[in-house]
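*Asks:* Starting from these lines, generate the structure:
(chains A and B, ligands or ions: 2)
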Amino acid sequence: MSFVEFQGVSKSFGDTIAVEKLNIAIEKGEFFSLLGPSGCGKSTTLRMLAGFLPPSTGRISVHGRDITRLPPEARGIGIVFQNYAIFPHMNVFDNIAFGLVERGEQKTEIARKVDAALEQVGLSGYGGRFERELSGGQKQRVALARVLVIEPEILLLDEPLSALDKKMREEMKFWIKDIQNSIGITTIYVTHDQSEALTMSDRIAVMSNGRLLQVGSPREIYEQPSSRFIAEFIGESNLLDVRVTSVNGVSCEVDLGGSLTVPARCSKQVKLSPDERVSLLLRPEMLRLAPMDAQEAPRLKGRIADSVYQGALRRYRVIAGEHDFVVEVPNRPELAQLSSGDQVDVFWSTESGVVVP
Amino acid sequence: MGRASPLRLNWLLVVPLIIFFVIFFVIPVGLIFATSFNPQTIGQVSVTTDLTLDNYVRFFTRSSYLQAAGRSVMLAAIVSAVTLFVAYPMAFVIAKTEHPGRNTFLMILVLAAMQLDMVIRLYGMMVILGDNGLVNQMLIALGLTGPDDPVQFMYNFLGVVLGLVQFSLPFMILTLIGVIAGIDPSLEEAARSLGASRSRAFRRVILPASMPGILSGSLLVFALSISSYIVPALMGGFRVGVLPIHIFQQVAEGARFQFGATIAVILFLISAGAVAIYLHIGARRSGGLA
Ligand SMILES: Nc1ncnc2c1ncn2[C@@H]1O[C@H](COP(=O)(O)OP(=O)(O)OP(=O)(O)O)[C@@H](O)[C@H]1O
Ligand SMILES: [Mg+2]
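*Replies:* Ligands and ions are numbered 1, 2, ... in the order given. Sure, this is the predicted structure:
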């Protein structure tokens, strides 16, 4: 049995089905992300776990104990909101002490724990400030300290970085992950930003329209997406329309058209049959470009349509027959700089082509 | 065209407003203030340059006027408190509900506050609260009071309080709804998940967060109540001697404009004092930054 389990959980608001027949199992200590486009039901899922919304159907359990009907204050689950929800009429100290006061702890004990929490989030000396005297990043730290100080079993974070600027976001991403690592708290992180999910998570659940599409490690999600939707949502992708010609376990051959057949990987979960129409996923960074007539395979002959300098990378658009590729090449001096109209070969190693149903 | 022209245009738009404000507010108030320092002369309306403090001495040396001032303050304070207790639960429910009927109800409130003439509303209350009113008929029918011994809801302090509360309710409810509806719902959720029960979360988070509305609503009701003439006149039958009643008696019955003006100035100073206290509390609550 897993630590946190959603069993057939659905939630509808009138005619809108926000979450549909959700089954999720989360292990103790895991950093688990819910990833999906806006309105797909991530917050609703989180709010049902926190106890703010009753599920329409289904069951939620923690430690094997059914908590579906438990009020939020009895769940031992901490949550950090997108807007931080710092109590405006209390200073930072009282905000962090809030949960300890509710637990009836001794004054001296509270003071000790709050000071330790302030230190942990790097805000020693900020206890007397009010919400309006804090920057976005500092509010974020207060919100996190306020939750961690009561030592919850589960930490919920609903898009905690979306209100910060890009640089702050990068910094807080690693900071949150570090804290999570050091105390080993089971964390469920809601985001619509795939790069946050990829860098922070142990596992990611991809949602769309209230449904769970795929659960897996960041690598599985990125390298073996179970659908075109996921392939396009996570990272950049070239998806070629191809036809399966033969299947042999996790390797298969696909027909790219123009009498070119190439080997590719296919995922264990998906049953493919010959002649099936599928997509071949090639990530832009997996592709390489070479002048004509080198000998590696698979390869396609093409022409550069567009070339954009991006600092670390150069990004090309290549048209090869009926296919259209985005290729990203690191900017290294020994690699030739190609320009629009140049004839090139596009090639990739066999393992980097993945069949997506 | 220079860059200053839009600014100059703005000023031109404000000028009529300033003229209006001066003619209908600054000048009358200034005249009342000046009149209060003129010697008492029955029938004399215009301001003279003859200045004296006699009227103020008279006010502060007669216990009946001091008692009237005390009564006025007490009345306004009681009305503010009662109105707050009645209005808060109603405002809370209205602010939290998502029922489509809510907006209709809000409209009715606004109309009640702004449109219905006070005299009409007070006559309505008389029908309900008079000796032969609905409430007394009910009490008699239930045997709670004898047919010859109706409860006195009117022409006393209680009647004035009831009249002022019903007059003030829409203002208080509208003020509170605005503040309560603006409280971020995630504040309550955060409190709950930190271990606070529903009632603890209300006490520790929702109530303090509605404090600005409670303060400004109470101030509004205090100012409305302490300066109300029509409610003490009709519901109190001139038997509850608050300052506005005294002003009316001095001016309309005795033609003593100078002393009437003095009471008016004192009434104004009491209201200003209430505003000062309110600002002080408001500033302290928000940590010195109003
Ligand atoms: N209280 C509510 N009443 C009615 N519909 C709601 C309510 N809360 C959510 N919904 C609907 O449920 C769906 C899922 O909403 P949810 O907030 O869970 O999305 P989300 O994945 O968190 O999106 P975002 O990334 O924009 O926060 C949406 O279609 C939303 O309109
Ligand atoms: Mg959301």
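*Asks:* If we go by neighbour counts, what in the helix ranked longest in chain A is buried?
*Replies:* Counting by DSSP state H, the longest helix found in chain A is helix A:166-183. By 16 or more other CB atoms under 10 Å in any protein chain shown, the buried positions in helix A:166-183 come out as A:168-169, A:172-173, A:175-177, A:179-180. To be clear about C-beta, it is placed using only N, CA and C from the backbone, and glycine gets the same treatment.
*Asks:* roughly how far is the helix or strand encompassing residue B:138 from the heart of the chain?
*Replies:* Assessed by DSSP states H and E, residue B:138 sits inside helix B:134-141. On the basis of CA atoms, centre = their mean, to the nearest Å, helix B:134-141 sits 30 Å off its chain's mean C-alpha point.
*Asks:* Quick one: list the elements packing against it.
*Replies:* helix B:118-129 (3 or more CB pairs under 8 Å, 6 or more residues apart in numbering or on different chains; DSSP states H and E).
*Asks:* and the helix it packs on, C-alpha only, in CSV?
*Replies:* The C-alpha coordinates for helix B:118-129 follow below in CSV (Å, rounded to 0.1, in the frame of the first residue of the first chain):
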residue,chain,number,x,y,z
MET,B,118,-36.7,58.0,6.4
VAL,B,119,-40.1,59.4,7.4
ILE,B,120,-41.9,56.7,5.4
ARG,B,121,-39.7,54.0,7.0
LEU,B,122,-40.3,55.3,10.5
TYR,B,123,-44.1,55.3,10.0
GLY,B,124,-43.7,51.7,8.9
MET,B,125,-41.9,51.0,12.2
MET,B,126,-44.6,52.8,14.1
VAL,B,127,-47.2,50.4,12.7
ILE,B,128,-45.1,47.5,13.9
LEU,B,129,-43.9,48.9,17.3
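*Asks:* Give me the mean pLDDT for it.
*Replies:* Helix B:118-129 shows an average pLDDT of 84 in the prediction.
*Asks:* Residue B:50: neighbouring residues, count only.
*Replies:* 9 (other CB atoms under 10 Å in any protein chain shown).
*Asks:* my read: residue A:4 touches residue A:62, true?
*Replies:* Yes: between residue A:4 and residue A:62 a contact is recorded at 5.5 Å, counting by CB atoms under 8 Å.
*Asks:* Give the residues shared as contacts by these two.
*Replies:* residue A:154 (CB atoms under 8 Å, 6 or more residues apart in numbering or on different chains).
*Asks:* What parts of chain B come near chain A?
*Replies:* Where chain B comes near chain A, counting by CB under 8 Å from any CB of the partner chain, the residues are B:184, B:186-187, B:189-198, B:200, B:204-205, B:208-209, B:211, B:285, B:287, B:289.
*Asks:* give me the number of residues near the closest residue to ligand 1 within the stretch 101-250 of chain A?
*Replies:* Per CB to the nearest ligand atom, residue A:192 is where the stretch 101-250 of chain A lies closest to ligand 1, at 4.7 Å. Counted with other CB under 10 Å, residues neighbouring residue A:192 total 18.
*Asks:* quick one: it and residue A:38 touch, right?
*Replies:* Yes: under the criterion of CB under 8 Å, residue A:192 makes contact with residue A:38 at 5.8 Å.
*Asks:* joint contacts of the two?
*Replies:* Joint contacts of residue A:192 and residue A:38 (CB under 8 Å, 6+ apart) do not exist.
*Asks:* In chain A, what helix or strand scores lowest on average pLDDT?
*Replies:* strand A:288-290 (a mean of 80; mean pLDDT, DSSP states H and E).
*Asks:* Model confidence score at residue A:70, please.
*Replies:* 95.
*Asks:* Spell out which helix or strand contains it, please.
*Replies:* Going by DSSP H and E, residue A:70 is not part of any helix or strand.
*Asks:* Residue A:105 too?
*Replies:* Residue A:105 belongs to no helix or strand, assigned by DSSP H and E.
*Asks:* Sort out which residues of the helix or strand harbouring residue B:223 are buried, please.
*Replies:* Using DSSP H and E, residue B:223 falls within helix B:211-226. The neighbour-count check on helix B:211-226 (16+ other CB under 10 Å) flags B:212-226 as buried.
*Asks:* For that helix, list the C-alpha coordinates in CSV.
*Replies:* Listed next in CSV are the C-alpha coordinates belonging to helix B:211-226 (Å, rounded to 0.1, in the frame of the first residue of the first chain):
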residue,chain,number,x,y,z
MET,B,211,-11.7,44.8,11.2
PRO,B,212,-11.3,47.6,8.7
GLY,B,213,-15.0,47.1,7.7
ILE,B,214,-16.1,46.9,11.3
LEU,B,215,-14.3,50.1,12.2
SER,B,216,-15.5,52.1,9.2
GLY,B,217,-19.0,50.7,9.4
SER,B,218,-19.2,51.6,13.1
LEU,B,219,-17.9,55.1,12.5
LEU,B,220,-20.4,55.7,9.8
VAL,B,221,-23.3,54.5,11.9
PHE,B,222,-22.0,56.5,14.9
ALA,B,223,-21.9,59.7,12.8
LEU,B,224,-25.3,59.0,11.3
SER,B,225,-26.9,58.3,14.7
ILE,B,226,-25.4,61.1,16.7
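*Asks:* Next secondary structure after that helix?
*Replies:* helix B:230-235.
*Asks:* what's in contact with that following helix?
*Replies:* B:118-119, B:122-123, B:125-126, B:154-155, B:159-160, B:162-164, B:167, B:225, B:238, B:240, B:242, B:244-245, B:248.
*Asks:* List the buried residues of the helix or strand in which residue A:263 is found.
*Replies:* Assigned by DSSP H and E, residue A:263 belongs to strand A:261-266. For strand A:261-266, burial by neighbour count (16+ other CB under 10 Å) applies to A:262, A:264-266.
*Asks:* The residue of the stretch 251-357 of chain A found nearest ligand 1 pairs with what?
*Replies:* Closest approach of the stretch 251-357 of chain A to ligand 1 (CB to the nearest ligand atom) occurs at residue A:356, with a separation of 23.4 Å. Bridge pairing for residue A:356 (DSSP bridges) gives the partners residue A:279.
*Asks:* List the contacts of it.
*Replies:* Per CB under 8 Å, 6+ apart, neighbours of residue A:356: A:225-228, A:231, A:239, A:278-281.
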